[in-house]
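Visitor: Coordinates for the following, if possible.
(one chain, ligands or ions: 1)
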Amino acid sequence: MTRPSPETISSPLPAPEEKHDYVETMFDAIAPRYDLLNSVLSLRLDSRWRREAARQAELEAGDQVLDVCTGTGDFACELTRWVGPSGAVIGTDFSKEMLRWGEPKLPKYPNVRLQWADTQALPFPDAHFAAVTVAFGIRNVADIQRGLAEMARVTQPGGRVVILEFNRPTNPLVAWGYGLYQKLMPIIGGIISGRRSAYAYLPASIDAFHSREALAKLMEEAGMHSVKITDLNFGTVVIHRGIKK
Ligand SMILES: C[S@@+](CC[C@H](N)C(=O)[O-])C[C@H]1O[C@@H](n2cnc3c(N)ncnc32)[C@H](O)[C@@H]1O
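Guide: Okay, here's the model as predicted:
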């Protein structure tokens with residue numbers, strides 16, 4: 001049977017029951033060019049956004065942290081700066097190719113480990129980590145509520161859950177400019193990665209994603225409280241930080 005992929009589906013968004021396999025196949029395919037495209041499409045601002053999200057995890061030296069949907073591991077590597085040599089960061093993802101392209105970064109970050117895992121069924125005990133993070137990943141998880149519940153489950157009570165994600169700007173002028181930029185994404189993404197359809201998925205998935213308030217509510221339903229929302233980059237990138245009950 002053919003797995004759903006950007007090449008076998010005409011709409012930029014897969015049907016809900018196909019999303020899991022579609023997303024895995026898509027990230028396996030774009031993995032070789034993923035880091036380059038991130039830098040180009042964000043004008044190299046992505047590392048600054050990850051740094052601010054890491055700061056909001058309020059980590060201490062020696063903490064154990066989990067970064068889900070870690071892809072090529074950039075956020076996991078950023079987090080190690082905050083936990084020091086006595087801490088540890090595990091980065092998990094279900095795309096074997098994304099993890100493979102992250103491996104060469106690890107010699108510089110000895111306390112990061114990359115591991116295959118589905119965010120919807122994390123292979124870790126309850127209340128294990130001081131913080132659990134996700135950067136530009138939760139939007140791609142097929143069952144977002146289940147992913148959030150798993151992230152909350154493995155976080156210690158009082159620990160932080162930090163979500164860095166694209167969202168829709170609320171200022172109408174910024175929204176207009178962002179709309180133009182979204183039209184360019186598939187063209188630039190297509191030229192650099194050779195997978196235009198994958199980069200048509202990106203703006204479509206941002207448009208279809210939960211509002212800031214709806215995501216905060218889902219986090220509360222998943223077992224977090226005091227959810228704080230921080231807009232970055234004129235509201236096109238948003239951090240949600242919740243505390244595990
Ligand atoms: C846009 S990338 C983000 C990668 C990285 N966190 C970053 O900041 O660049 C989204 C990642 O989510 C992963 N992903 C989506 N659904 C997943 C799931 N259910 N379980 C594990 N990984 C998943 C994809 O494989 C992909 O690597």
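
Visitor: can we go C-alpha only for contacts and neighbour counts from here?
Guide: Noted.

Visitor: what residue ranges in this structure score low on pLDDT?
Guide: In the predicted model, the chain carries pLDDT under 70 at residues 1-11.

Visitor: Up against the ligand, what does it have?
Guide: Contact residues, the chain versus the ligand (CA under 6 Å from any ligand atom): 24, 27, 69-71, 74-75, 93-95, 98, 117-120, 134-137, 140-141.

Visitor: Can you tell me which of those residues end up in helices?
Guide: 24, 27, 74-75, 98 (DSSP state H).

Visitor: How far off centre is stretch 204-222?
Guide: In terms of CA atoms, centre = their mean, to the nearest Å, the centre of stretch 204-222 is found 13 Å from the chain centre.

Visitor: now the helices for this protein?
Guide: With helices called from DSSP H, the chain shows them at 19-41, 46-56, 74-83, 96-102, 144-153, 172-193, 196-208, 212-221.

Visitor: how about these in JSON lines, adding mean neighbour count?
Guide: Output for the helices of the chain, formatted as JSON lines (neighbours: other CA atoms under 10 Å):
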{"stretch": "helix 19-41", "mean neighbour count": "18"}
{"stretch": "helix 46-56", "mean neighbour count": "18"}
{"stretch": "helix 74-83", "mean neighbour count": "23"}
{"stretch": "helix 96-102", "mean neighbour count": "20"}
{"stretch": "helix 144-153", "mean neighbour count": "22"}
{"stretch": "helix 172-193", "mean neighbour count": "15"}
{"stretch": "helix 196-208", "mean neighbour count": "19"}
{"stretch": "helix 212-221", "mean neighbour count": "17"}
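
Visitor: The strand ranked longest in the chain vs helix 74-83, what angle?
Guide: Longest strand of the chain, by residue count under DSSP state E: strand 155-166. Per axes from the mean of the first three to the mean of the last three CA atoms, to 10 degrees, the angle that strand 155-166 makes with helix 74-83 is 130 degrees.

Visitor: which other residues reach strand 155-166?
Guide: Residues outside strand 155-166 that contact it (CA atoms under 8 Å, 6 or more residues apart in numbering): 49-50, 53-54, 56-58, 126-139, 151-152, 206, 224, 236-245.

Visitor: May I have the strands that pair with it, each with its orientation?
Guide: Strand 155-166 has the following sheet partners, assigned by DSSP bridges: strand 129-135 (parallel), strand 237-244 (antiparallel).

Visitor: any idea how far the nearest residue to residue 37 once chain neighbours are set aside is from residue 234?
Guide: Distance criterion CA to CA, 6 or more residues apart in numbering; nearest residue to residue 37, sequence neighbours excluded, is residue 189 at 6.7 Å. The gap separating residue 189 from residue 234 is 22 Å, by CA to CA, to the nearest Å.
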